[in-house]
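**Student:** Sharing a model prediction with you, sequence too.
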Amino acid sequence: MKAMWVFAALSSVYGHDLYLMPQKFRPVAGEKILLSAHTGDSFPNSEQPVDPARLQSRPAAEWRILGKATHTTVEVTAGGQYFAVETKPKYLEMEAEKFRAYLKEEGLDAVLGKVASMTGKSREMYSKFAKTYVVAGERNGEYAKALGLKIEIVPLADPAMVKAGDVLPVQVLLDGKPLAGAQMEIAASRGRSAGRTDREGKLMVKIEAGGKTRLHTVAMEAGDGKTHDWASYWASLTFEVASGKGGESTNLTSR
């Protein structure tokens, strides 16, 4: 019962992954579509909205809450295009046991080892960075361009060409540099571990199902020691896996 209680507490506080869901992943160039910021573990559905005042988007947009999600309208250009959003940092405290359970859940082993004997509350500032990839008409190489977010997942092959059974190479960047050892999760109908990044921050992600897909990872580093001891950065990437079936030998163009 104790373990279940800790997991429930984690879900209510940290389980709210932020990710973007466009109305269409393959719209028409010039079309205006609804772009929604979702939070929660019920992918692709949102469990609760995010405060629009905390959102900073690329390109700039005005957000509004409607139901259990936060929405805006964007205009799509020709070819591949990213839309991204980040949240302003927010402070959070947790009891030591809950904090360690959270670190274990997200695969933050290095930090977990440093707080093994911690007895007080954690002091953390967390920020979330989400981006989504849509394609209008002919594909281009925009998928491979990093946006300069604090943390981001960069595909090394075109997500628009991926089919079920393919392996998609990705790289995780923190402050523009490869992040090694980051635990990656993938969600289509349900979430599962996709492995950890190598020394170059790279990982080959097996795509098992078609349709809407989300990748997610978290990084944590020491805080300033005054206002907070830890700073965490959450990253997500959403895209749509094409219909049909591919295979590990499918020729995906990587950079």
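**Tutor:** Arrived safely. If you're wondering where the values come from, they're calculated on a predicted model, not measured in any experiment. Numbering: from 1, shown residues only.
**Student:** pLDDT on the helix or strand Lys98 falls within, on average?
**Tutor:** Per DSSP states H and E: Lys98 is located in helix 96-105. In this model, helix 96-105 has a mean pLDDT of 94.
**Student:** Show the contacting residues for Lys163.
**Tutor:** Ile207, Gly210, Val241, Ala242, Ser243, Gly244, Lys245, Gly246, Thr250 (Cβ atoms under 8 Å, 6 or more residues apart in numbering). (C-beta placed from N, C-alpha, C; glycine too.)
**Student:** one more time with 7 Å, if that's ok
**Tutor:** Gly210, Val241, Ala242, Gly244, Lys245, Gly246, Thr250 (Cβ atoms under 7 Å, 6 or more residues apart in numbering).
**Student:** How about His228?
**Tutor:** Contacts of His228 by Cβ under 7 Å, 6+ apart are Tyr91, Arg123, Glu124, Met125.
**Student:** cool, Ser127 as well?
**Tutor:** With contact set as Cβ under 7 Å, 6+ apart, Ser127 has these partners: Glu86, Thr87, Pro89, Lys150, Tyr233.
**Student:** from those, which ones fall inside strands?
**Tutor:** Among the contacts of Ser127, the residues falling in strands (DSSP state E) are Glu86, Thr87, Tyr233.
**Student:** Just send these back as TSV, with distance to Asp175, pLDDT and neighbour count too.
**Tutor:** TSV is the format used below for these (distance: Cβ to Cβ, whole Å; pLDDT from 0 to 100; neighbours: other Cβ atoms under 10 Å):
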residue	distance to Asp175	pLDDT	neighbour count
Glu86	14	97	24
Thr87	17	96	20
Tyr233	9	97	23
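**Student:** Out of these, which comes closest to Phe43?
**Tutor:** Thr87 (18.2 Å; Cβ to Cβ).
**Student:** That closest one reaches Ser57, doesn't it?
**Tutor:** No. Counting by Cβ atoms under 7 Å, Thr87 stays clear of Ser57, with 10.4 Å between them.
**Student:** about what we covered before: just the buried residues of the contacts of His228.
**Tutor:** The neighbour count (16 or more other Cβ atoms under 10 Å) marks Arg123, Glu124, Met125 as buried among the contacts of His228.
**Student:** now the helix or strand containing the first one against helix 96-105, angle please.
**Tutor:** By that I understand Arg123. Following DSSP H and E, one finds Arg123 within strand 122-136. Counting by axes from the mean of the first three to the mean of the last three Cα atoms, to 10 degrees, strand 122-136 lies at 30 degrees to helix 96-105.
**Student:** strand partners of strand 122-136, parallel vs antiparallel please.
**Tutor:** strand 79-87 (antiparallel), strand 90-94 (antiparallel), strand 230-245 (parallel) (DSSP bridges).
**Student:** Quick one: closest of those to Ala101.
**Tutor:** Closest of those to Ala101 is strand 90-94, at 9.0 Å (criterion: Cβ to Cβ).
**Student:** quick one: that closest one to chain centroid distance?
**Tutor:** 20 Å (Cα atoms, centre = their mean, to the nearest Å).
**Student:** try stretch 25-44
**Tutor:** Using Cα atoms, centre = their mean, the offset of stretch 25-44 from its chain centre is 14 Å.
**Student:** Ok, stretch 209-229 next?
**Tutor:** Taking the mean of its C-alpha atoms, stretch 209-229 sits 8 Å from the chain's own mean (Cα atoms, centre = their mean).
**Student:** got the CA positions of that stretch in CSV?
**Tutor:** Included here for stretch 209-229 are C-alpha records, laid out as CSV according to Å, rounded to 0.1, in the frame of the first residue of the first chain:
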residue,chain,number,x,y,z
ALA,A,209,3.0,1.3,-33.8
GLY,A,210,1.6,3.8,-36.3
GLY,A,211,-0.2,7.0,-35.5
LYS,A,212,0.4,9.8,-32.9
THR,A,213,3.7,9.3,-31.0
ARG,A,214,5.4,11.1,-28.2
LEU,A,215,9.0,10.9,-27.0
HIS,A,216,9.9,12.1,-23.5
THR,A,217,13.0,12.6,-21.4
VAL,A,218,14.1,14.5,-18.2
ALA,A,219,17.5,16.0,-17.2
MET,A,220,18.4,17.4,-13.8
GLU,A,221,21.4,19.4,-12.6
ALA,A,222,22.4,21.2,-9.4
GLY,A,223,20.6,24.4,-8.5
ASP,A,224,22.1,27.6,-7.1
GLY,A,225,21.9,26.2,-3.5
LYS,A,226,20.2,29.3,-2.3
THR,A,227,16.6,29.2,-3.6
HIS,A,228,16.7,25.7,-4.9
ASP,A,229,19.1,22.6,-4.8
